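Chemist: for reference, the sequence and a predicted model appear below.
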Amino acid sequence: MRKILYTTCILLACYGTRSYAASPKPADSAYTLKGKIEGLADGWVWIYHRQTEKQIDSAKVKGGSFIIKGYSSAPEFCLLGVPGPNNRKEWRLGFFLQSGELALTGKKDEIEKAIVKGSPVQDEFQQFNEGQKDLDAVDEKLSAIYKKARMNDNKQTMDSVEKASGELEKKKLQYVKEYAATHPASYVTAYSIYANYSYNPEVPVLDSLYRALDPAIQASYFGRQIKVALDAALLTDIGKPAPAFVQNDVNGKPVSLASFKGQYVLVDFWASWCGPCRAENPNVVKAYTTYHPKGFAILGVSLDDSKEKWLAAIKKDQLPWTHVSDLKGWQNSVAELYGVKGIPTNYLLDKDGVIIAKSLRGEELEKKLAELLK
């Protein structure tokens, strides 16, 4: 279920990535991408270099054809954008771009399946995806079932799909682990580890995967991203004191995590725009209603960038606990401090502010609180 592109909301969690400052553009890093997308209307297409600071290359489309030129000094995972409703950019295809001559072919209604040739790393990426196509097919079916169940407010079906998704996720993680073991010098390996293991990682597993990478891959963009996720995971591992922070509440008043000492507190990362977060909120409300009188508190940290939407979601979902946000979206300073790569996620702290559990979903939160607050 983990299809991380840029800021992608999927069935069980929403994910994000950060960009970095642009690097120099040597002459030998030039690329030319010649594209042909059947049925694509005349207009514009774009390539977003997610590994650099908001760098976008563009080209005009005529008869479904276009030529985009730019720079890519190392294999980088980019996004192809096409016009969507109201001429908004829709990032439809993620692929590895390299210097040189490349060709892209596909159909308007299936841009996600477009073929890119001329990039050896992209060739490998397509082979990697081919190896898990059966798992992806199940993923798509579960997503469709979940979407329909959510529209009909069918909690039983949603719970069933979440359980099946969990089992599917284990198979995907195993596939990545096996691929990594045989391809330690691969950019695709680094990307797949980051995309699949950086969300609420198990420190020993992620550390082992990172250490097995070739040094050159460790130094690559996604290798560095893995190290950032690993360092954050070490900082927020179970048994560690939760990193201290202060952030403003809905009234603009600063709230400190330290002020919750003496209570069991759930630091809950979410956002109004995150469907899985909103679907999880009723479970959190139920746990809060039951255990707040016994010494349980929640501190919600929102990755919103719109105060209006943030407040509206709090009201609609009837979330009575304390909420904070700096309204910087994925660049929320607390989310960065905790290494949050996907939401919803949470950290349960004991009365001394020590992390005792992470990412408690569904009934897991109530079961844990039942053990602690008898």
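Modeler: Now that the structure is in, tell me what you want to look at.

Chemist: which stretches of the stretch 1-150 of the chain form strands?
Modeler: 14-15, 30-38, 43-49, 55-61, 65-71, 76-83, 89-97, 100-107, 115-117 (DSSP state E, counting those that start in this stretch).

Chemist: tell me which other helices or strands the second one touches.
Modeler: In other words, strand 30-38. When contacts are defined as 3 or more Cβ pairs under 8 Å, 6 or more residues apart in numbering; DSSP states H and E, strand 30-38 packs onto strand 43-49, strand 65-71, strand 100-107. In this view, the C-beta of every residue, glycine as well, is placed from N, C-alpha and C.

Chemist: now those as CSV including distance to Q174 and mean pLDDT?
Modeler: Shown next, in CSV, are the helices and strands packed on strand 30-38 (distance: least, Cβ to Cβ, whole Å; pLDDT from 0 to 100):
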stretch, distance to Q174, mean pLDDT
strand 43-49, 31, 94
strand 65-71, 37, 95
strand 100-107, 30, 96
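
Chemist: most packed of those strands?
Modeler: strand 43-49 (a mean of 19; mean count of other Cβ atoms under 10 Å).

Chemist: which neighbours in the sheet does that one have, and how are they oriented?
Modeler: Here strand 43-49 is paired, per DSSP bridges, with strand 55-61 (antiparallel), strand 76-83 (antiparallel).

Chemist: contacts for it?
Modeler: Contact with strand 43-49 is made by 6, 33, 35, 37, 55-61, 66, 68, 70, 72, 76, 78-83, 87, 89, 91, 97, as judged by Cβ atoms under 8 Å, 6 or more residues apart in numbering.

Chemist: most neighbours per residue, which of the strands paired with strand 43-49?
Modeler: Note that of the strands paired with strand 43-49, strand 76-83 is the most buried (mean count of other Cβ under 10 Å), with a mean of 22.

Chemist: let me know the angle separating it from strand 89-97.
Modeler: Here the directions of strand 76-83 and strand 89-97 differ by 150 degrees (axes from the mean of the first three to the mean of the last three Cα atoms, to 10 degrees).

Chemist: list the buried residues of the helix ranked longest in the chain.
Modeler: Secondary structure of the chain read by DSSP state H shows that its longest helix is helix 155-182. Neighbour counts over helix 155-182 (16 or more other Cβ atoms under 10 Å) mark 158, 161-162, 165, 168-169, 172-173, 175-177, 179-180 as buried.

Chemist: got it, and stretch 208-219?
Modeler: Buried, per 16+ other Cβ under 10 Å, within stretch 208-219: L209, Y210, L213, I217, Q218.

Chemist: which non-adjacent residue is nearest the third one?
Modeler: Excluding its sequence neighbours, the residue lying closest to L213 (Cβ to Cβ, 6 or more residues apart in numbering) is P184, at 5.5 Å.

Chemist: can you tell me the average pLDDT over the longest helix of the chain?
Modeler: What helix 155-182 shows for mean pLDDT is 92.

Chemist: I'd say D214 and A185 touch.
Modeler: Yes: using Cβ atoms under 8 Å, D214 makes contact with A185 at a distance of 3.9 Å.

Chemist: for the strands of the stretch 1-150 of the chain, give me TSV that also has distance to Q318.
Modeler: Shown next, in TSV, are the strands of the stretch 1-150 of the chain (distance: least, Cβ to Cβ, whole Å):
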stretch	distance to Q318
strand 14-15	21
strand 30-38	45
strand 43-49	37
strand 55-61	40
strand 65-71	48
strand 76-83	37
strand 89-97	33
strand 100-107	45
strand 115-117	47
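
Chemist: ok, which of the ones you listed comes nearest A357?
Modeler: A357 lies closest to strand 14-15 among the strands of the stretch 1-150 of the chain, at 21.0 Å (Cβ to Cβ).
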